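prediction below, plus the sequence it came from.
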2 protein chains.
Amino acid sequence: MTTAAPPLNPPIRTLLGPGPSDIHPRVLQAIGKNTVGHLDPYYLQLMDHMQAMLRDLFRTTNRMTMAISATGSAGMEATVVNLIEPGDPMLVCVNGVFGTRMADVAGRAGAEVTTVERPWGEVFTTKDLKEALAKTKPKVVGIVMAETSTGAWQPLEEISELVHDAGALLLVDAVTSLGGVAVEVDKWNIDAIYSGSQKCLSCPPGLAPVSFNDRALEVIRDRKTKVQSWYLDVSMLADYWGTDRVYHHTAPINMSYALYEAVQIIHEEGLDAAFARHFQNHVALKAGLAALGIEYTAQDGHQLPMLNAVRIPAGVDDARLRGALLSRFGIEIGGGLGAFKGKVWRIGLMGYGSRSANVLLFLAALEQLLAEQGYNFDHGASIAAATDHYRGAVSGDS
Amino acid sequence: MTTAAPPLNPPIRTLLGPGPSDIHPRVLQAIGKNTVGHLDPYYLQLMDHMQAMLRDLFRTTNRMTMAISATGSAGMEATVVNLIEPGDPMLVCVNGVFGTRMADVAGRAGAEVTTVERPWGEVFTTKDLKEALAKTKPKVVGIVMAETSTGAWQPLEEISELVHDAGALLLVDAVTSLGGVAVEVDKWNIDAIYSGSQKCLSCPPGLAPVSFNDRALEVIRDRKTKVQSWYLDVSMLADYWGTDRVYHHTAPINMSYALYEAVQIIHEEGLDAAFARHFQNHVALKAGLAALGIEYTAQDGHQLPMLNAVRIPAGVDDARLRGALLSRFGIEIGGGLGAFKGKVWRIGLMGYGSRSANVLLFLAALEQLLAEQGYNFDHGASIAAATDHYRGAVSGDS
């Protein structure tokens, strides 16, 4: 042995960034339970229950609903590479980092990619897509429901209608939205969708729930070429998740335990109650930040409750403030990505992390650090604004 | 909530199949430790230590040594898609399921694939490759070091020399071998290699250690096309694992904790001691099975110590026996894959699972179940043969 690595001893954090989010203690217990084989009768039953619970989360009856054995970005890649064959036209809506990523993934899959763009922080309306749809006649339209780089919340219902009228499939990124706001796969007629375990599901990163409807499966069945990724080939995965149980790859057993427990916790609370909780804590945080003169980057009426992207006040040192939040209070928030680097904070209130205690703790810590940097504000005002909201909230504290 | 799933309560198993293997209790504790962010200073340090420990495991100084955020099969895909561009000739050695899989993965990556084949259970010599090398002038030659479907142990040193004389890169599957037998990346001049967390590393499935040498990185740097997989693009992963720490995907934090602990346990024991332990327990098992008239499928002198693939004795009902092993004794062994289905058992003695207690338990349970099926053998002989071996072993019990 040439390498001495220190014993594993991770610091305790309050994870209020863009993910991973705070993990429920029950989930951390679940992930450490004794491992069984990936073809063990117990594990096969667990997969069935997992599929049923994921269908409820996605609000779908799609048979092909499961978890990809990798993180959310692999979920993006899985949906794209199964639907796209070389030369297929694909339209990607880009208003942040994750739309940009989807266009890159699609290009690597051989798609003829066209993008429509909106400024970062804004969302798309049907009129943004009409021309490009008519001109490029895409096989697939990709769009991000919750753009984690900007905090923008994209409505999907009308866009879905437009996309289907144009004869295309709708592919949706729900990495950050699933479990925090309503994701209505069947009602909104979404053909393929992916998410990640580490956002509003409050499970460690490592799995990507996905769902494909029958229209998408038909397209996959009619492919003339093999899916470029063996690992992400949905037809082969279907033989393992389906009744045939054909060995494909060795499933990540303990990660599946964690996701199973995490989704069960959500269903115990109830999806609608979880959405209401995310919304309450978002409004309280927003009231607190407003009292400090801190503004959201996403356009009004389209701000995500679980991912609060805000402009860093002028004169405040980003790295110093986030560094102190982490080292002195154990609180992680996210910095800006891409064009927003150094200009934006991303405050996640996701899943188990979306709690009033976290909102108040964060505001108190933020006030102290802003004061230390000489930022001028009414001390205590953010806490007062947040608690006022909680007192007034019909559904009480959450 | 429409779906009621039962509480998570996995049965206790002794995992003596082809993986996942028995997990060390310390690893199950590690995986449930509190999650930190993927850009947390603590996690970035952990990645550095992980890289150093993985280099020791692979016996390499390769800078680009890391863990892919998915299972071993994604490690296969990662090495292939980074080295191969559409139209590149690749030669794949096929003598079992995993060579077949590699040829499939390579074809999906656009390689012009040629295969050389050996019967299942046999290994390749340089003379098997010479003609195909000269004829196809491959950019990459892929070969499986430990064929988990047959238990065959492929020597690599001479083949590596031949492959390099022919101007090709050598890509090695070390999923089942790493940590159980010597894998000498630098000494054997292996250009790209992948493994999995769930075999001799005794970590839950979900991560794929990989390593690329400078020659392989140069080939990747000189690519004319983008790597087809965004998720597995080594150049982008290098920016996250390297000093730049550029966000790529959200790393599977808790799985990394598990692998960190698992590799640390191996280094505490010492690699050579771990290899000796795997060998001792294999020899004891083999002596026990011989006393029952049970034979190995892999050719003499090339039988893997961690994966004992044996022929099911005539007249024994495979499904009934493996079912009873699992339900009555909690022991999992693997059935045969592909052409070996119903004809072969695969008994894994991997990592923490490679213990004398497991060998004796397995033989005792097997004897009982064989007796119940009316199989004719000298009762107690297998235990006697195994314990004789342990008594005689110079290094004592392990």
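Right, received. Where do you want to start?

quick one, what contacts the closest residue to A:Gln373 other than its chain neighbours?
Excluding the flanking residues, the one nearest A:Gln373 by CB to CB, 6 or more residues apart in numbering or on different chains is A:Val316, at 5.6 Å. C-beta here means a position set from N, CA and C on the backbone, and glycine is covered the same way. Applying CB atoms under 8 Å, 6 or more residues apart in numbering or on different chains, we find A:Val316 in contact with A:370, A:373, A:375.

wait, which of those residues is closest to chain B?
A:Gln373 (21.0 Å; CB to the nearest CB).

who are the contact partners of that closest one?
By CB under 8 Å, 6+ apart, the contact set of A:Gln373 is A:315-317, A:320-321.

any chance of those in a markdown table, plus pLDDT and secondary structure?
Converted to a markdown table, the contacts of A:Gln373 look like this (pLDDT from 0 to 100; DSSP: H, G, I helix; E, B strand; the rest coil):
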| residue | pLDDT | secondary structure |
| --- | --- | --- |
| A:Gly315 | 95 | coil |
| A:Val316 | 97 | coil |
| A:Asp317 | 98 | coil |
| A:Arg320 | 98 | helix |
| A:Leu321 | 98 | helix |
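
relative to chain B, which of those is nearest.
A:Arg320 (14.7 Å).

kindly provide the distance from the residue nearest to that closest one when sequence neighbours are not counted to A:Ala30.
The shortest distance from A:Arg320 to any non-neighbouring residue, by CB to CB, 6+ apart, is to A:Gln373 (7.1 Å). Distance, A:Gln373 to A:Ala30, by CB to CB, to the nearest Å: 41 Å.

A:Ala324 now?
Taking CB to CB, one finds A:Ala324 at 33 Å from A:Ala30.

between those two, who's got more neighbours?
Under the criterion of other CB atoms under 10 Å in any protein chain shown, the comparison of A:Ala324 against A:Ala30 puts A:Ala30 first, with 25 against 17.

list the contacts of the more buried one.
With CB under 8 Å, 6+ apart, A:Ala30 has these contacts: A:257-258, A:260-262, B:8.

which element is A:Ala309 on?
Taking DSSP states H and E as the definition, A:Ala309 sits inside strand A:307-311.

alpha carbons of that strand, as CSV, please.
Coordinates of each C-alpha in strand A:307-311 appear next as CSV, following Å, rounded to 0.1, in the frame of the first residue of the first chain:
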residue,chain,number,x,y,z
LEU,A,307,-34.7,26.4,-6.7
ASN,A,308,-34.5,30.1,-5.8
ALA,A,309,-32.0,31.8,-8.1
VAL,A,310,-31.3,35.3,-7.0
ARG,A,311,-29.0,38.2,-8.0
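
gap between that strand and the chain center?
15 Å (CA atoms, centre = their mean, to the nearest Å).

cool, stretch A:342-358 as well?
Per CA atoms, centre = their mean, the centroid offset for stretch A:342-358 relative to its chain is 13 Å.

got it, and stretch A:20-27?
With CA atoms, centre = their mean, you get 15 Å for stretch A:20-27.

please see if it touches chain B.
Yes. In terms of CB under 8 Å from any CB of the partner chain, part of stretch A:20-27 sits within range of chain B, namely A:20, A:22-23.

what's the ChimeraX line that selects buried ones from those?
Selecting only the buried entries of these in ChimeraX, with 16 or more other CB atoms under 10 Å in any protein chain shown as the criterion:
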select /A:20,22,23
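
close to chain B: what parts of the stretch 251-398 of chain A are there?
So the stretch 251-398 of chain A meets chain B at A:251-255, A:257-258, A:260-261, A:264, A:267-268, A:270-271, A:326, A:332, A:337 (CB under 8 Å from any CB).

tell me which of those fall in strands.
Members of those lying in strands (criterion: DSSP state E): A:Glu332.

please check the residues of the stretch 251-398 of chain A next to chain B and keep the buried ones.
A:251-255, A:257-258, A:260-261, A:264, A:267, A:271, A:326, A:332, A:337.

widest-spaced pair of those?
Within those, A:Ala251 and A:Leu326 form the most distant pair, 34.0 Å apart (CB to CB).

burial count for A:Asp214?
13.

one more: A:Val140?
24.

may I have the phi/psi pair for it?
phi -140, psi 140 (degrees, to the nearest 10).
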